[in-house]
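[1] A predicted structure for the sequence below; I have some questions about it.
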Amino acid sequence: MKEKFIAKYDPGKEISGADWLSLHRNENLFIGREWTVEAAKNLVEKADFAAYPNPNSEPLRGALAELHGVEPENIFVGNGSDEVLADLLDLLRHRYDTMSVLDVCFRIYLMLAERYRYRVEVLPGHTFETGRVAAAGWKGLAVVDSPNAITSACLSPADREALARAPNSFLIWDNAYGEFAGDVVPTDIHKNVVVVRSFSKFYALAGLRIGYCIADAALIAEMLARKDAFNVNSLAQIMALEALRRQEYFNAIRDQILQCRQELARHLQNFGFKMHRPAGNYILATHPAFTAEWLQEELMQRHIAVRRFPGQLTANYLRITVPPLAGIERLTAALHEMIKS
């Protein structure tokens, strides 16, 4: 009998159909296909698909360096932030055998830890409940997602800095949702700190798989020397460049998302939900009177998909991606039908 393969990372249920409201994958629901279709039509001639792409994504690295006020030598571009994280952890394995993460974290970290044979430890501080990391006396390799990929909460700059303060410590700050939190990438580059970002969320280019990191030039040079030869395809590179040229447009979309996030939070609170303070384009919420499993199943019956994560801390929470107002109205109507009646 053929063995069934079970993926270690669950990306969320695949759903299709125009009648579905998909609030379970943290995709940017405020940006339709219009801008990408328009841009692709105009840019496809620039992408010579018969030729190999720029191997080191140099034009894109230059544009990202200008955006963040650093040098191109401080930028590495990869096939999504997953590849960036994988290359970083592979590179750091000769220095560390243990990787420390938050008590609730992006599940890809655990998969990569197994791949590169890291021992995994939880950072002290009971972060899910307290929002803090007790970094005093701690040292080692820390990988933290802030905003957190599940809770949407942020670590304070002081907590992040404390993780990199001890001698021989190293911090990977996964800041994939940083634009929604108003995070600014530091221009003073430290040898033991890497900031990872993505084009999947803020720029709504998840399907093209573009991620990058900002780090010390020596580390970037080593990553460039070890990476796959042509790790980012031509179309992804030119579409990312076009997205950077439309910064004002995306900033305006971000402002709309934050307004709708506030509106969604208000409605959830009116229904009695408790939530972590959100900093991303999603909210993690729990209800004292109804289990998250029941709520999820009832919403699925109404063709509204939300995410629930296994684990002692998160099993009774729902993660809900912020939709435009029409989506909030539909979700609110469904919750009213489920809870009030």
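    Great, that's in hand. Numbering: from 1, shown residues only.
[2] number of nearby residues for Asp103?
    For Asp103, the count of nearby residues is 19 (other Cβ atoms under 10 Å). Backbone N, C-alpha and C define where each C-beta goes, glycine included.
[3] Please report how far Glu222 lies from Thr127.
    Glu222 sits 31 Å away from Thr127, going by Cβ to Cβ, to the nearest Å.
[4] Mind checking which of the two has more residues around it?
    Thr127 (25 against 15).
[5] Could you pull up the residues touching the more buried one?
    The contact partners of Thr127, by Cβ atoms under 8 Å, 6 or more residues apart in numbering, come to Leu102, Asp103, Val104, Val133, Leu155.
[6] Trp35: what secondary structure?
    Per DSSP: H, G, I helix; E, B strand; the rest coil, the secondary structure class of Trp35 is helix.
[7] That one contacts Arg246, correct?
    Yes. In this structure, Trp35 is within contact of Arg246 by Cβ atoms under 8 Å, at 7.3 Å.
[8] Between the two, tell me which one has more neighbours.
    Remark: of Trp35 and Arg246, Trp35 carries more neighbours, 18 against 14, as counted by other Cβ under 10 Å.
[9] Now do the contacts for that one.
    Arg246, Tyr249.
[10] That one and Tyr249, how far apart?
    Per Cβ to Cβ, Trp35 is found 7 Å from Tyr249.
[11] For the one helix or strand Glu293 maps to, buried residues please.
    Following DSSP states H and E, one finds Glu293 within helix 292-301. Buried residues in helix 292-301, counting neighbours by 16 or more other Cβ atoms under 10 Å, are found at Ala292, Leu295, Gln296, Glu298, Leu299.
[12] show me where the stretch 51-200 of the chain has helices.
    Along the stretch 51-200 of the chain, the segments classed as helices by DSSP state H, counting those that start in this stretch run 58-68, 80-92, 108-115, 127-130, 157-163, 178-181.
[13] For those helices, give me CSV that also has distance to Pro310.
    Shown next, in CSV, are those (distance: least, Cβ to Cβ, whole Å):
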stretch, distance to Pro310
helix 58-68, 36
helix 80-92, 21
helix 108-115, 12
helix 127-130, 14
helix 157-163, 26
helix 178-181, 25
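[14] Got the domain ranges for the chain?
    21-34+248-340, 46-246 (automatic domain parsing).
[15] so Arg277 makes contact with Leu155?
    No. Arg277 lies out of contact with Leu155 (Cβ under 8 Å); the separation is 11.9 Å.
[16] Mind listing the shared neighbours of the two?
    Counting by Cβ under 8 Å, 6+ apart, the contacts common to Arg277 and Leu155 are Gly131.
[17] Settle it for me: which of those two has more neighbours?
    Shown here are Arg277 and Leu155; by other Cβ under 10 Å, Leu155 has more neighbours (25 against 12).
[18] Tell me who's in contact with that one.
    Contacts of Leu155 by Cβ under 8 Å, 6+ apart are Thr127, Gly131, Arg132, Val133, Val144, Ser146.
[19] now, which of those sits nearest Asn270?
    Nearest to Asn270 among the contacts of Leu155: Gly131, at 23.6 Å, using Cβ to Cβ.
[20] confidence score at the residue nearest to the closest one when sequence neighbours are not counted?
    Nearest non-adjacent residue to Gly131, counting by Cβ to Cβ, 6 or more residues apart in numbering: Ala153, 5.8 Å away. For Ala153, the pLDDT comes out at 97.
[21] need the strands for the chain, in chain order.
    21-22, 75-78, 98-101, 119-122, 141-145, 170-174, 193-198, 211-214, 274-275, 282-286, 304-305, 318-321 (DSSP state E).
[22] Please produce a markdown table containing these, extended by mean neighbour count, distance to Leu88 and mean pLDDT.
    Compiled in a markdown table, the strands of the chain are given as follows (neighbours: other Cβ atoms under 10 Å; distance: least, Cβ to Cβ, whole Å; pLDDT from 0 to 100):
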| stretch | mean neighbour count | distance to Leu88 | mean pLDDT |
| --- | --- | --- | --- |
| strand 21-22 | 20 | 30 | 96 |
| strand 75-78 | 26 | 9 | 98 |
| strand 98-101 | 20 | 11 | 98 |
| strand 119-122 | 13 | 16 | 97 |
| strand 141-145 | 25 | 9 | 98 |
| strand 170-174 | 25 | 6 | 98 |
| strand 193-198 | 24 | 6 | 98 |
| strand 211-214 | 24 | 7 | 98 |
| strand 274-275 | 16 | 31 | 97 |
| strand 282-286 | 24 | 25 | 98 |
| strand 304-305 | 21 | 32 | 98 |
| strand 318-321 | 26 | 25 | 98 |
